[in-house]
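*Asks:* here are the coordinates; sequence isn't available:
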Ligand code: 8Y7
């Protein structure tokens with residue numbers, strides 16, 4: 001899964017139209033690099049970030065989604081807003097990637113109205129604004145697993161069949177480095193919930209904490225993390241560097257029948 005952000009740079013004068021153009025160009029490059037899914041996001045969920053309005057988010061992501069549906073590469077829309085989910089599904093989204101795991105009022109209903117769209121349920125402790133302030137768990141793996149199990153039940157109760165679900169422990173979302181490493185080491189625990197596991201570690205600050213590299217220089221640690229996640233059972237990895245990730249995973253795939 002290749003990451004495509006649509007977040008207008010307030011210092012450039014091109015505004016929304018230019019940022020959509022840039023996002024589409026970037027998406028096309030990721031398709032050339034071999035992306036199997038594209039994840040389009042119009043609201044930053046980085047630690048400390050502030051929410052954007054429904055209209056602003058729609059104006060950012062829908063034009064990009066519309067430009068990409070014809071490519072036949074499945075498009076995921078990264079949103080927690082039911083209104084954005086509805087529009088995205090109508091415009092042909094393949095998946096809704098919700099870092100809030102359909103906990104926003106109306107979100108379960110918004111995705112249940114359609115019988116096909118896939119949903120990624122991600123764990124987050126707190127909200128992006130404050131989630132990294134003092135994350136605490138008694139047992140990170142069992143707490144995250146219990147949460148995801150509850151969200152699977154909530155989805156099923158809303159009429160969403162299990163074959164439409166993907167789960168994600170949410171690396172970096174209200175977690176310390178130790179929490180993240182524990183989750184990665186025991187990622188295979190999550191496969192017992194019976195739905196595919198998605199992992200997003202690409203360029204995250206936990207990797208920078210390990211190597212000391214800033215966000216623009218974390219490709220090697222990102223490739224290592226993506227590979228570890230797949231070895232530990234992830235079926236989808238959310239990455240910025242698609243070509244490098246695919247090449248690293250090709251080596252692993254060539255080795256797979258050796259029961260590594
Ligand atoms: C993740 C994510 C982000 C992730 C899923 C970043 C939107 C922060 N991270 N979605 N989104 N999993 N499912 O650093 O780990 O890319 S945004």
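*Replies:* The structure has been received and is ready for your questions. What you see is a predicted model; the values in this text were computed from it and never measured.
*Asks:* Which strands and helices lie in contact with the helix or strand hosting residue 152?
*Replies:* Residue 152 belongs to helix 140-157 when assigned by DSSP states H and E. In this structure, helix 140-157 makes packing contacts with strand 118-122, strand 165-168, helix 177-185, judged by 3 or more C-beta pairs under 8 Å, 6 or more residues apart in numbering; DSSP states H and E. Using the backbone N, CA and C atoms, a C-beta is placed for each residue, glycine as well.
*Asks:* Setting aside sequence neighbours, what's the nearest residue to the residue in the stretch 51-200 of the chain that the ligand sits nearest to?
*Replies:* Residue nearest to the ligand within the stretch 51-200 of the chain: residue 200 (2.4 Å; C-beta to the nearest ligand atom). In this structure, residue 200 finds its nearest non-sequential neighbour in residue 238, 3.7 Å apart by C-beta to C-beta, 6 or more residues apart in numbering.
*Asks:* Remind me which helix or strand the one you found belongs to.
*Replies:* Using DSSP H and E, residue 238 maps to strand 236-238.
*Asks:* can you tell me if whatever helix or strand comes next after that strand touches the ligand.
*Replies:* For strand 236-238, the succeeding helix or strand toward the C-terminus, using DSSP H and E, is helix 242-255. No - using C-beta under 6 Å from any ligand atom, helix 242-255 stays clear of the ligand, with a minimum separation of 13.7 Å.
*Asks:* Now do the buried residues in helix 242-255.
*Replies:* Buried residues in helix 242-255, defined by neighbour count with 16 or more other C-beta atoms under 10 Å: 242, 244-246, 248-249.
*Asks:* same check, this time on stretch 171-191
*Replies:* Of the residues in stretch 171-191, 171-176, 179-180, 182-184, 186-187, 189-190 count as buried by neighbour count, 16+ other C-beta under 10 Å.
*Asks:* still on that earlier bit, quick one: the residue of the stretch 51-200 of the chain closest to the ligand from residue 111, how far?
*Replies:* Noted for residue 200: a distance of 20 Å to residue 111, by C-beta to C-beta, to the nearest Å.
*Asks:* Could you do residue 21 as well?
*Replies:* Distance from residue 21 to residue 111, by C-beta to C-beta: 29 Å.
*Asks:* helices and strands of this structure: which one bottoms out on pLDDT?
*Replies:* helix 15-32 (a mean of 93; mean pLDDT, DSSP states H and E).
*Asks:* Does anything pack onto that one? Which helices or strands?
*Replies:* Short answer (3+ C-beta pairs under 8 Å, 6+ apart): helix 15-32 packs on strand 2-5, strand 38-41, helix 54-68.
*Asks:* Recalculate using a threshold of 7 Å.
*Replies:* Under the contact criterion of 3 or more C-beta pairs under 7 Å, 6 or more residues apart in numbering; DSSP states H and E, helix 15-32 touches strand 2-5, helix 54-68.
*Asks:* can you redo these as a markdown table with distance to the ligand and mean neighbour count?
*Replies:* Converted to a markdown table, these look like this (distance: least, C-beta to the nearest ligand atom, whole Å; neighbours: other C-beta atoms under 10 Å):
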| stretch | distance to the ligand | mean neighbour count |
| --- | --- | --- |
| strand 2-5 | 6 | 24 |
| helix 54-68 | 12 | 20 |
